[in-house]
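> got a predicted structure plus its sequence, pasted below:
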Amino acid sequence: MYARPSKLPARLLAGIALAAFGGVGIALVAQHQFQVNPCAWCVMQRGIFLLIGAVAALGWLLQRWRPARLLSFVLIIALAGAGLAAAYYQHDVASKMASCAMTLADRMVTWLNLEELWPPVFMITANCAEAAAYRLLGLPYELWSAALFLLLGLASLWGLLSRDRRR
């Protein structure tokens, strides 16, 4: 008897893409409507969220091709890990620094020329100490970012390990 493939992996990838792009949308509203200016580490995390969203959307578009779907989940897990590391570094190290200049995040944003390519999203307008003062519901923004990275990584792990992926 033919067993119909589950729609869970495709729905999971679509949800991951929406959540990742939504996280960037919330950051942009906070920046442009409430003057929550991003530091280099904030901008780097935005870039990682956009990459996660793009990978998830591509995986969703290629959902019928199992290797592409599985590769999407693996890449999202890796990117979520990188995002968690960036959020942790921002919270534990960079927030105590007066400047983010010449840190890995600042160098990456500069090297990739992101501020020139898409200034409303990637323009660094605060230093790390300033960005550390911003809060949403009492928590620093980087902890909200870390929570979303963790959620996206766990969702991808679930999609990768679920029985439905074999179809």
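Looks like it arrived, so ask away. Numbering: from 1, shown residues only.

> where do the helices sit along the protein?
Remark: helices of the chain, listed N- to C-terminal, are 8-34, 40-61, 66-92, 104-111, 114-117, 119-122, 128-132, 141-161; assignment by DSSP state H.

> now the fourth one against helix 40-61, angle please.
Per axes from the mean of the first three to the mean of the last three C-alpha atoms, to 10 degrees, the angle that helix 104-111 makes with helix 40-61 is 70 degrees.

> show me what helix 104-111 is packed against.
With contacts defined as 3 or more C-beta pairs under 8 Å, 6 or more residues apart in numbering; DSSP states H and E, helix 104-111 has these neighbours: helix 40-61. For every residue, glycine as well, the C-beta is placed using N, CA and C.

> quick one: average confidence on the helix it packs on?
The average of the pLDDT scores along helix 40-61 is 92.

> buried stuff in stretch 139-152?
For stretch 139-152, the buried set under the neighbour-count rule, 16 or more other C-beta atoms under 10 Å, comprises 140, 141, 142, 143, 144, 145, 146, 148, 149, 152.

> now the fifth one. Nearest residue, chain neighbours left out?
Setting aside the residues directly before and after it, residue 144 is nearest to residue 136 in space (C-beta to C-beta, 6 or more residues apart in numbering), at 5.9 Å.

> any idea how far the one you found lies from residue 93?
In this view, residue 136 and residue 93 are 21 Å apart by C-beta to C-beta, to the nearest Å.

> pretty sure residue 42 is touching residue 27, no?
Yes: counting by C-beta atoms under 8 Å, residue 42 touches residue 27, with 7.2 Å between them.

> which residues do the two both contact?
In the contact map built from C-beta atoms under 8 Å, 6 or more residues apart in numbering, the residues linked to both residue 42 and residue 27 are residue 141.
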